[in-house]
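Novice: can you look at this prediction? I've put the sequence above it.
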Amino acid sequence: MREAASALPRKRAIFAGLLVAGLHAGALAAEPDMEAGRALFVGATPACALCHTLNDAQSSGAIGPKLDEIKPDAARVETAIRNGIGQMPAYTTLSDKEIETLAAYVAKATGAQP
């Protein structure tokens, strides 16, 4: 009985370590691919950089809002990309993954709150 009782704290410590490692790995997976997002921002057709100012992409568009000022979250950016808004067209040629990557990039690059 003493062995079982003394093994319990060790088992708890191992479990806690695995839990923390799993949470850390999940957090890493959630980080946007900034290079891929930046490439989409400047290379999509039409390029987001033509209309939008975004410091991280070194763009200074004059038609759309300055993204560094409005700091849109990823959901807002994704909705705009999928549906268009104002003069901005819907990006129907981008895949779901590309849209998610681009939206996450803009949100992260502007410092938007999650």
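Specialist: Cool, got the structure.
Novice: all contacts plus neighbour counts: C-alpha atoms, from now on.
Specialist: OK.
Novice: helices of the chain, start to end?
Specialist: Taking DSSP state H, the helices of the chain run over residues 2-30, 34-43, 67-70, 74-83, 96-110.
Novice: mean pLDDT lowest where, among those helices?
Specialist: Mean pLDDT is lowest for helix 2-30 among the helices of the chain, at a mean of 49.
Novice: okay, domains of the chain per the record?
Specialist: 1-30, 32-110 (automatic domain parsing).
Novice: could those go into a markdown table alongside mean neighbour count?
Specialist: Conversion of the domains of the chain to a markdown table gives the following (neighbours: other CA atoms under 10 Å):
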| stretch | mean neighbour count |
| --- | --- |
| domain 1-30 | 10 |
| domain 32-110 | 17 |
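Novice: so how far is Glu35 from Pro65?
Specialist: 22 Å (CA to CA, to the nearest Å).
Novice: cool, Val77 as well?
Specialist: 17 Å.
Novice: how about Thr53?
Specialist: Counting by CA to CA, the gap from Thr53 to Glu35 is 17 Å.
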